[in-house]
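Chemist: how does the following fold in three dimensions:
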Amino acid sequence: MSEKVQSLLDLAAGGVPLHQGGEADIYRVSAKDHAYVLKWYKRASAFDLGTVEQIASLNADGLYKIREFGERDGHSYVVYDYIPGVSASELRVPVVVALFILRSLVATLETLKSKQLHHGDLNPGNIVLTANKGLLQPVLIDCGILGPGALAYAAPERFQGRPADEKSDVYSLGMLLFRLVYGSELVTADGYDEYAAKSLDIDRCDPSQVLYASGRFTVAEISALAPLWKATLRADVKNRAEDLDELDELLEIALGKLALGDAAVQKAVEDFVEDELQEKMRQKVPDPSEMALPYKIAGRQGIFCWWKVSFFLGLVLILIVLAVSVLKSGRSDVDDAGDLLLKKSRSLEVLDMLSDSVSPEQAESVVDSSLLRDLPTPELRE
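Modeler: You can find the predicted model right below:
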């Protein structure tokens, strides 16, 4: 019989909360000299088990590495490698860099597609920007969500209960691109129903006009991005890019309009990493010094019986004092003291047993109060 592998949850040496959300709470966990992220789902939330199982078997630079998943104390959970980086939700990105990020994400989504998988919740909070050997590396996290995901990025069909697919990810990528370059969502609404209605009316929205009105973008940038809105932000799936391959071609064309070649794109990306990303990454999450986890670690005793230990140590101390007194004061005084100690101890035991069922007045009638006085201290003899 093979030995059961101990859960990373029970090997945790520390933990600190990172984020609290409506679906799940996120913790950074230290275990086995490594840093992990624990996504602890609320009782009413869960993930697609089949999707998570398949993703756990993948190993790709642009995809988080799942180490453990399951259910505990009535909660679903996923543990994956901690990624030292910055959430895309914390940055506004230059247009050239945003296009580079989108192409990287498309390549990762193609890897998922080869396994008949789709992300289903593409939003800035699920993209970690990190530097891999000095190069920008976007990493996708949190695949396999049940439901439409972040409402501001969800395709219209997702509000109708349809599962995530390539076309819905294409729509979300368009919304994500706008958020990266503009710094806030294209669509805002008050609640699920309003988001669903606005997603169905997305064809009326003109991202190019929003960018122009902000005064922060050049005509060349607005012109390069325009075909991408038409290929992604469409209510009817038939009007979106045919697949991820076509979207990648459009992204490449947009980059060609804004840069003089791959070298220029790479220079823009390197400048972003050096000037903005690395500065953000220096603001490290503090190392956890105390346990701050949503579960009890199996196999570790609490301190619920501290008072028993204290009582035992106190009794031992008394006995040591008595032993010293025996050697210095003679037998008779110690015998009397020992007898009194025994009677007092038994009286305290009676009080302890009766404490929950008798009043103080009743307890006084049970135990001789004279026995509760301080024990005499034998005189030291020269």
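Chemist: got any ranges where the stretch 251-382 of the chain has weak pLDDT?
Modeler: The stretch 251-382 of the chain contains residues with pLDDT under 70 at 284-291, 299-316, 321-382.
Chemist: all helices of the stretch 201-350 of the chain, in order?
Modeler: Using DSSP state H, counting those that start in this stretch, the helices assigned to the stretch 201-350 of the chain run over residues 207-214, 219-232, 244-258, 262-272, 278-281, 306-329, 331-354.
Chemist: go through the second one and flag the buried ones.
Modeler: By neighbour count on 16 or more other Cβ atoms under 10 Å, the buried set for helix 219-232 is 221-222, 224-225, 228-232. Quick note: C-beta positions are derived from backbone N, CA and C, even for glycine.
Chemist: cool, the fifth one as well?
Modeler: Using 16+ other Cβ under 10 Å as the burial criterion, none of the residues of helix 278-281 qualify.
Chemist: which helices and strands sit right next to that helix?
Modeler: strand 127-132 (3 or more Cβ pairs under 8 Å, 6 or more residues apart in numbering; DSSP states H and E).
Chemist: check the first one too.
Modeler: In terms of contacts (3+ Cβ pairs under 8 Å, 6+ apart), helix 207-214 is packed against helix 166-182, helix 219-232.
Chemist: mind listing what's buried along it?
Modeler: 207, 211.
Chemist: distance to residue 195 and mean pLDDT added to the helices and strands packed on helix 207-214, as TSV?
Modeler: Formatted as TSV, the helices and strands packed on helix 207-214 follow (distance: least, Cβ to Cβ, whole Å; pLDDT from 0 to 100):
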stretch	distance to residue 195	mean pLDDT
helix 166-182	11	98
helix 219-232	17	98
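Chemist: closest one to residue 23 among those helices?
Modeler: Nearest to residue 23 among those is helix 166-182; the distance by Cβ to Cβ comes to 16.7 Å.
Chemist: who's in contact with the following helix or strand past that closest one?
Modeler: Sequence-wise, the next helix or strand downstream of helix 166-182 (DSSP states H and E) is helix 192-200. With Cβ atoms under 8 Å, 6 or more residues apart in numbering as the test, helix 192-200 has contacts from 151-152, 154-156, 159, 187, 189, 235.
Chemist: follow-up on the earlier one: now render the helices and strands packed on helix 207-214 as CSV, adding distance to residue 269.
Modeler: Output for the helices and strands packed on helix 207-214, formatted as CSV (distance: least, Cβ to Cβ, whole Å):
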stretch, distance to residue 269
helix 166-182, 13
helix 219-232, 16
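Chemist: nearest to residue 114, out of these?
Modeler: helix 166-182 (11.7 Å).
Chemist: packing partners for that closest one?
Modeler: helix 95-113, helix 156-159, helix 207-214, helix 219-232, helix 244-258.
Chemist: what about 10 Å?
Modeler: helix 95-113, strand 127-132, helix 156-159, helix 207-214, helix 219-232, helix 244-258 (3 or more Cβ pairs under 10 Å, 6 or more residues apart in numbering; DSSP states H and E).
Chemist: about what we covered before: ok, and the most crowded of the contacts of helix 192-200?
Modeler: residue 155 (30 neighbours; other Cβ atoms under 10 Å).
Chemist: list the contacts for that one?
Modeler: Going by Cβ atoms under 10 Å, 6 or more residues apart in numbering, residue 155 touches 120, 122, 148-149, 162, 164-165, 167-172, 174-175, 199, 202, 232-235, 237, 240.
Chemist: now the residues you listed: which count as buried?
Modeler: Counted by 16+ other Cβ under 10 Å, the contacts of residue 155 give 120, 122, 148-149, 164, 167-172, 174-175, 199, 202, 232-235, 237, 240 as buried.
Chemist: mind putting the helices and strands packed on helix 166-182 into CSV with distance to residue 76?
Modeler: Formatted as CSV, the helices and strands packed on helix 166-182 follow (distance: least, Cβ to Cβ, whole Å):
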stretch, distance to residue 76
helix 95-113, 21
strand 127-132, 21
helix 156-159, 21
helix 207-214, 36
helix 219-232, 31
helix 244-258, 29
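Chemist: for residue 24, find the nearest of the ones you listed.
Modeler: strand 127-132 (16.2 Å).
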